[in-house]
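Student: Fold the following.
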Amino acid sequence: MTLSEYFETTRGTGVLATADSSGLVDTAIYARPHFVSEHEVAFIMADRLSHRNLQSNPHAAYLFLERGDGYKGTRLHLTMVSQETDTERIKAIRRRPLPAECGVEGESRFLVQFHIDRVRPLVGDGPEGT
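Tutor: Below you'll find the predicted structure:
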């Protein structure tokens, strides 16, 4: 199963971790990534702390915990490669309407694209860890 197939078929909870240029870390709940290719993903982001951190430090990590018993999932190590504000493109790839609690209507949104630097299992290093 490819990574894009895994995220398309597996339900769970995702957490994106970013850090500013001083190394101060932030974490936030994020939906499953949108796949641009098997080596690049994108997230729709508001102009909040996670997005602001990426302006000074392009590195991030995404942890995905599968729904169910136990600790199954995956971790992605990411580097931001681009961002855009094309409202129509963002609307086109969004999986579902934005819940009211996720922000102020009219708030700026960014489609932030990342290169996948490394894939690791949720627990341990497994065969992909180096």
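Student: If we go by neighbour counts, what in the worst-scoring helix or strand of the chain on mean pLDDT is buried?
Tutor: When the helices and strands of the chain are scored by mean pLDDT, DSSP states H and E, helix 87-93 comes last with a mean of 85. Neighbour-count burial for helix 87-93, counted by 16 or more other C-beta atoms under 10 Å, picks out Ile90. All C-beta atoms are positioned from the backbone trio N, CA, C, and that covers glycine.
Student: Stretch 66-79 too?
Tutor: Glu66, Gly73, Thr74, Arg75, Leu76, Leu78.
Student: Show me which of those residues is closest to Thr27.
Tutor: Taking C-beta to C-beta as the measure, Thr27 lies nearest Arg75 of those, at 12.7 Å.
Student: quick revisit: wait, which of the buried residues of stretch 66-79 is closest to Ser56?
Tutor: The closest of the buried residues of stretch 66-79 to Ser56 turns out to be Leu78 (C-beta to C-beta; 15.5 Å).
Student: For the closest one, which residues are in contact?
Tutor: Val41, His59, Ala60, Ala61, Tyr62, Phe114, His115, Ile116, Asp117 (C-beta atoms under 8 Å, 6 or more residues apart in numbering).
Student: what packs against the least confident helix or strand of the chain?
Tutor: strand 40-46, strand 109-121 (3 or more C-beta pairs under 8 Å, 6 or more residues apart in numbering; DSSP states H and E).
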